[in-house]
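Novice: just need the structure, nothing else, for what follows:
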Amino acid sequence: MTALEIRNLHVAINDQEILKGIDLLVRSGEIHALMGPNGSGKSTLAYALAGHPAYDVTAGQVIFDGKDLLELGPDERSRAGLFLAFQYPVSVPGVTVANFLRQALNARRRAEGPEDKGISIPAFRRLLKEKMDMLDMDHKFAGRYVNEGFSGGEKKRNEILQMATLEPRIAIMDETDSGLDIDALRIVAEGANTLKEQLGMGVLVITHYQRILNYIKPDYVHVMMGGRIVENGGAELALELEEKGYDWLREKHGLIAEA
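Specialist: Take a look at the predicted model:
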């Protein structure tokens, strides 16, 4: 079973410590929700795991599928099976969704075996149609330029399609609900649920609010404040946060309100 195990992780940006000792274990087939107010360090954790160079890991370990993730470059982490769905996906004008995904898939295959010549165009077309059908997506979507002119919901669905095509072992969804209306949120959440069920993917959902968890049912909920995980529980913890907000946890753990 694939697992992402974070042990006492400390991360700084410009010499300012943001994460102050994170411990977290995400296994394949599990959905974890990481909640917390603005400035608590949730997105810092996502980018540090992905290998963003601006985030300096000062202490701790991250073990992914038996490997020391921190010794791998961002591309190596991706090829090992870690995926980050961005809060604000960028546009790539002139590159179609299909071409982008085929190049990404071939890059992974060549890394696993240099003799691999990559997936043929006919085979890739069959694969992509299969994945789009699984996610109930119009095949015309594949001919559009990556995120160019996409609505917020379409950008997030494109991230789900990337996950379906690349089949990562663990996916981190960084505030995927940001800027989505209820219909778009439901569609994206259904796609994530499908991938978890059909591919056995482990998912870490980073969010401010409980609303996405109405559609993506977490096995575990973690609350981050002040760069630490201060509370762990099941789906009922997210409902309690929805009802009470974060102040009761700040009081419980002796934390001042975060900006």
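Novice: can you give me the helices in the stretch 51-200 of the chain?
Specialist: 74-80, 97-112, 121-134, 152-166, 182-199 (DSSP state H, counting those that start in this stretch).
Novice: from the contact counts, what lies against the last one?
Specialist: Which is helix 182-199. helix 152-166, strand 170-174, strand 202-207 (3 or more C-beta pairs under 8 Å, 6 or more residues apart in numbering; DSSP states H and E). To be clear about C-beta, it is placed using only N, CA and C from the backbone, and glycine gets the same treatment.
Novice: and the fourth one, by the same measure?
Specialist: Using 3+ C-beta pairs under 8 Å, 6+ apart as the contact definition, the elements that helix 152-166 packs against are strand 82-85, helix 97-112, helix 121-134, helix 182-199.
Novice: picking that back up, export the helices and strands packed on helix 182-199 to TSV and tack on mean pLDDT and distance to residue 55?
Specialist: Shown next, in TSV, are those (pLDDT from 0 to 100; distance: least, C-beta to C-beta, whole Å):
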stretch	mean pLDDT	distance to residue 55
helix 152-166	91	21
strand 170-174	93	13
strand 202-207	93	15
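Novice: in a markdown table: those, plus distance to residue 242.
Specialist: As requested, the helices and strands packed on helix 182-199 are exported to a markdown table (distance: least, C-beta to C-beta, whole Å):
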| stretch | distance to residue 242 |
| --- | --- |
| helix 152-166 | 22 |
| strand 170-174 | 19 |
| strand 202-207 | 11 |
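Novice: how distant is stretch 124-141 from the center of its chain?
Specialist: 21 Å (C-alpha atoms, centre = their mean, to the nearest Å).
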